[in-house]
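[1] Any chance you can model this:
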Amino acid sequence: MCGIALIVGPNPDPAVFDAMLGQIASRGESREVLCGPRHLLGTQRLKIVDRERAVQPWISPDGRWALCYNGEIYNFRALRSELTALGHLLRGDGDTEVVLESFLEWGEDAVHHLRGEYAFAVTDRREDRVYFARDPLGVKPLYWSRQDGHLYAASELKALVAAGGRINEVPPGHHGWGSPVEDLAVKPHVDLLTMGDDDEPVEDVQEATRQVRAALADSIQVRVDTDLTVGVILSGGLDSTLALLHVREMHPDCVAFTIGTPDSEDISYARRVARDLKVQHEVIELSPRDIRLRDIREAIRMSELTEYGDVINAVISRRLFDRVRSHGIKVVLCGDGSDELFGGYEMYQQADPGLRQRIFQHKLHNLGRTELQRVDRTSMGHGVEARVPFLDLELVRLAMRVPIELKLRDGQEKWILRHAFADILPEYVRQRPKNPLSHSSGLHERVRLYRSQFPRIYRSLGYDQLGPMRRDFSVVLTEHNLDLDRALADAQRQPDYTLADHARDLAGALRWNAATALRRMTS
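    Predicted coordinates:
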């Protein structure tokens, strides 16, 4: 895993380039650069695979192409064998070289051979062109900007703010070319907004159970193929417990991490799970009073998030990954994405059947700038790589084929997951209802006190060069009775909350915090 940054064009400014890399220094402990009169290419590399030899930017044997790469390719060993059989002479043992050699062999079709989480830029040093690609779900980020005859690109928004000008995002599942004189032109290699439309549904319960079990186990297996200790973010809920159950069997050198108030649901459930599974467990206990304005500002600076609810979760995640890194853990697995795939939100129960599939697709399409962005920034902001097994592309494709009747059944969300793993899940976890991170940790309402200041902090960091901070889309969708088209149009007309909205929200947060403080004093 890495952070990448580049400038392509005549006489690129070394000071700007140095500042860009400085802004993403937390993503990796090793700064590696390739400098020339028309190209400044660099990475902040977090050494996980082929730690001593996979130095970047990785250059092709003829010197023409240079790769800046952020991610993990889980099928790189199979690809390595295939490329060797095709006559490629590989120099290392890691996935970085495999990405470049795949591009040299298959060109733009290389992305269809890659299984993993990635964002990369391949610079043609002869023609001053750059090929960009981002993984299907947008687990790994990628931004670009073009001004004054130069093309800039980086893993994070903050690295491009100093360059000035409007910042653009490479959308999830897209790839294409750009140059100092032409804006980046991208097209989808995976279209999340149509995924599942023409696929045969898996309606038989036994067959759906078999395929879900196999797909999740395979996804976790490839993500624990490391000689490093593996952490698991454990809330004590369904998804994180499933992740821990599999990791414990496949990679016994694992540690679970949980965050919350001492009396929170998450800590209570997670302690029980870790104790029953006999897994080492690190608990981060926070009092609501521990969260101050400086925590809010740092969470926004680090996460770059554009929706209010995601920022609230980022405040908590930042503290969590700080503890993970302090224990020397560089790789963790988490359960994010399962709710979007398997009907973990109440809106799926209320939506018109004809709209459910579109809402599923829309939430998948936006994960890269919401939940996955929070996970990436708050983990990589502490030099930790977070892997998301529920968002392996094959598992995503399968989930889009599972009908809603198997996701919502007997009054339970994510029914097929509960049913498929009933033989290994503790019953108290299998019956536990969904509760979002910030609520179940007991810290949501404390952070909500500062919500009205989120957009001011966001603008002060220059992040509005990408776009404004926006209302939570789930709120907008609910206001329009789950009419997706109306909600999308309204979100464009009125991106942010009004002053009256903020006033009502602050009043509610003040009442909740005052009542909670009084209850604690009384007890």
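
[2] quick one: low-confidence ranges for the stretch 51-200 of the chain?
    51-54 (pLDDT under 70).

[3] contacting residues around Gln23?
    By C-beta atoms under 8 Å, 6 or more residues apart in numbering, the residues touching Gln23 are 154, 156, 158-159, 161-162. Every residue, glycine included, has its C-beta placed from N, CA and C.

[4] So which of those residues sit within strands?
    Residues of those located in strands (DSSP state E): Ala154.

[5] Looking at the contacts of Gln23, which one is closest to Leu184?
    Ala154 (13.1 Å; C-beta to C-beta).

[6] okay, now the closest one: neighbour count?
    By other C-beta atoms under 10 Å, 29 other residues sit near Ala154.

[7] Let me know whether it touches Phe132 as I believe.
    No. Here Ala154 does not reach Phe132: they are 11.4 Å apart, not a contact under C-beta atoms under 8 Å.

[8] what's the overlap in contacts for the two?
    Trp144.

[9] sorry, back to before: quick check, nearest of the contacts of Gln23 to Gly231?
    For the contacts of Gln23, the residue nearest Gly231 by C-beta to C-beta is Glu156; the value is 22.3 Å.

[10] residues touching that closest one, list them.
    Applying C-beta under 8 Å, 6+ apart, the residues near Glu156 are 3, 23-24, 27, 141, 143, 304, 377.

[11] could you dump the residues you listed to CSV with secondary structure and distance to Pro57?
    Converted to CSV, the contacts of Glu156 look like this (DSSP: H, G, I helix; E, B strand; the rest coil; distance: C-beta to C-beta, whole Å):
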residue, secondary structure, distance to Pro57
Gly3, strand, 13
Gln23, helix, 18
Ile24, coil, 15
Arg27, helix, 15
Pro141, coil, 18
Tyr143, strand, 18
Glu304, coil, 24
Arg377, helix, 23
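
[12] from those, which would you call buried?
    For the contacts of Glu156, a neighbour count by 16 or more other C-beta atoms under 10 Å gives the buried set as 3, 23-24, 27, 141, 143, 304, 377.

[13] Tell me which two of the contacts of Gln23 sit farthest apart.
    Checking the contacts of Gln23 with C-beta to C-beta, the most distant pair is Glu156 and Ala162, at 11.8 Å.

[14] The stretch 101-250 of the chain: strands as residue ranges?
    Using DSSP state E, counting those that start in this stretch, the strands of the stretch 101-250 of the chain run over 116-124, 129-134, 143-147, 150-154, 168-169, 174-179, 182-188, 230-233.

[15] ok, residues contacting the shortest one?
    Residues from elsewhere that reach strand 168-169 (C-beta under 8 Å, 6+ apart): 141-145, 183-184, 369, 466.

[16] Report the buried members of the residues you listed.
    Neighbour counting by 16+ other C-beta under 10 Å classes 141-145, 184, 369, 466 among the contacts of strand 168-169 as buried.

[17] one step back: out of the contacts of Glu156, which one sits closest to Leu100?
    Gly3 (18.1 Å).

[18] Might one say that the closest one is in contact with Glu32?
    No. When contacts are counted by C-beta under 8 Å, Gly3 is not listed as touching Glu32 (10.9 Å).

[19] so who does Val283 touch?
    257-259, 267, 270-271 are the contacts of Val283 under C-beta under 8 Å, 6+ apart.

[20] one more time with 6 Å, if that's ok
    Applying C-beta atoms under 6 Å, 6 or more residues apart in numbering to Val283 gives the contacts Thr258.

[21] in the host helix or strand of it, what's buried?
    Using DSSP states H and E, the element containing Val283 is strand 280-285. Along strand 280-285, these residues count as buried under the neighbour rule (16+ other C-beta under 10 Å): 281-284.

[22] Now do that strand, average pLDDT.
    Mean pLDDT, strand 280-285: 96.

[23] Can you list the strands that that strand pairs with?
    Taking DSSP bridges as the criterion, strand 280-285 forms sheet pairs with strand 254-260 (parallel).

[24] Burial check on Arg31, number of neighbours?
    Arg31: 15 neighbours (other C-beta under 10 Å).

[25] Using the three-state scheme, assign it.
    Three-state assignment for Arg31 (DSSP: H, G, I helix; E, B strand; the rest coil): strand.

[26] Bridge partners for it, pull those for me.
    When bridges are called by DSSP bridges, Arg31 pairs up with Gln44.

[27] go on, the one 4 residues further on?
    Beta bridges link Cys35 to Leu40, judged by DSSP bridges.

[28] what number of residues lie near it?
    Neighbours of Cys35 (other C-beta under 10 Å): 12.

[29] From Asp13, how far off is it?
    12 Å (C-beta to C-beta, to the nearest Å).

[30] what sits against the residue lying closest to Arg27 once chain neighbours are set aside?
    Excluding the flanking residues, the one nearest Arg27 by C-beta to C-beta, 6 or more residues apart in numbering is Gly3, at 3.2 Å. Counting by C-beta under 6 Å, 6+ apart, Gly3 touches 24, 27-28, 44, 155.

[31] about what we covered before: as JSON lines, the contacts of Glu156 with distance to Lys414 would be great.
    Formatted as JSON lines, the contacts of Glu156 follow (distance: C-beta to C-beta, whole Å):
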{"residue": "Gly3", "distance to Lys414": "34"}
{"residue": "Gln23", "distance to Lys414": "38"}
{"residue": "Ile24", "distance to Lys414": "35"}
{"residue": "Arg27", "distance to Lys414": "32"}
{"residue": "Pro141", "distance to Lys414": "27"}
{"residue": "Tyr143", "distance to Lys414": "33"}
{"residue": "Glu304", "distance to Lys414": "29"}
{"residue": "Arg377", "distance to Lys414": "26"}
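
[32] now the residue nearest the centre of the chain, what's its secondary structure?
    Centroid-nearest residue in the chain: Leu372, 2.4 Å away (criterion: C-alpha atoms, centre = their mean). With three-state DSSP as the basis, Leu372 sits in helix.

[33] What's the separation between it and Asp336?
    Leu372 is 7 Å from Asp336, where distance means C-beta to C-beta.

[34] now swap in Leu46 and tell me
    With C-beta to C-beta as the criterion, Leu46 and Asp336 are 19 Å apart.

[35] same deal with Leu137?
    Using C-beta to C-beta, one gets 10 Å for the distance from Leu137 to Asp336.

[36] for Arg45, same thing?
    Relative to Asp336, and taking C-beta to C-beta, Arg45 is found at 24 Å.

[37] same thing with Leu100?
    For Leu100, the distance to Asp336 - C-beta to C-beta - is 29 Å.

[38] Who are the contact partners of Leu142?
    By C-beta under 6 Å, 6+ apart, the contact list for Leu142 reads 119, 134, 170.

[39] let's see it at 10 Å
    Contact partners of Leu142, counting by C-beta atoms under 10 Å, 6 or more residues apart in numbering, are 4, 70, 118-121, 132-135, 153-156, 168-172, 174-175, 184, 368.

[40] can I assume Glu82 is in contact with Ala110?
    No. Counting by C-beta atoms under 10 Å, Glu82 stays clear of Ala110, with 11.7 Å between them.

[41] any idea of the mean pLDDT in whichever strand or helix holds Asp266?
    Element membership for Asp266, per DSSP H and E: helix 265-277. In this model, helix 265-277 carries a mean pLDDT of 96.

[42] Distance check, the closest residue to Lys414 other than its chain neighbours against Asp239.
    Spatial nearest neighbour of Lys414, excluding adjacent residues (C-beta to C-beta, 6+ apart): Phe342 at 4.3 Å. Going from Phe342 to Asp239 by C-beta to C-beta gives 9 Å.

[43] joint contacts of those two?
    Residues touching both Phe342 and Asp239 by C-beta under 10 Å, 6+ apart: 390, 414, 417.

[44] Which one (most neighbours) among the residues you listed?
    Greatest neighbour count in the shared contacts of Phe342 and Asp239, by other C-beta under 10 Å, goes to Leu417: 29 neighbours.
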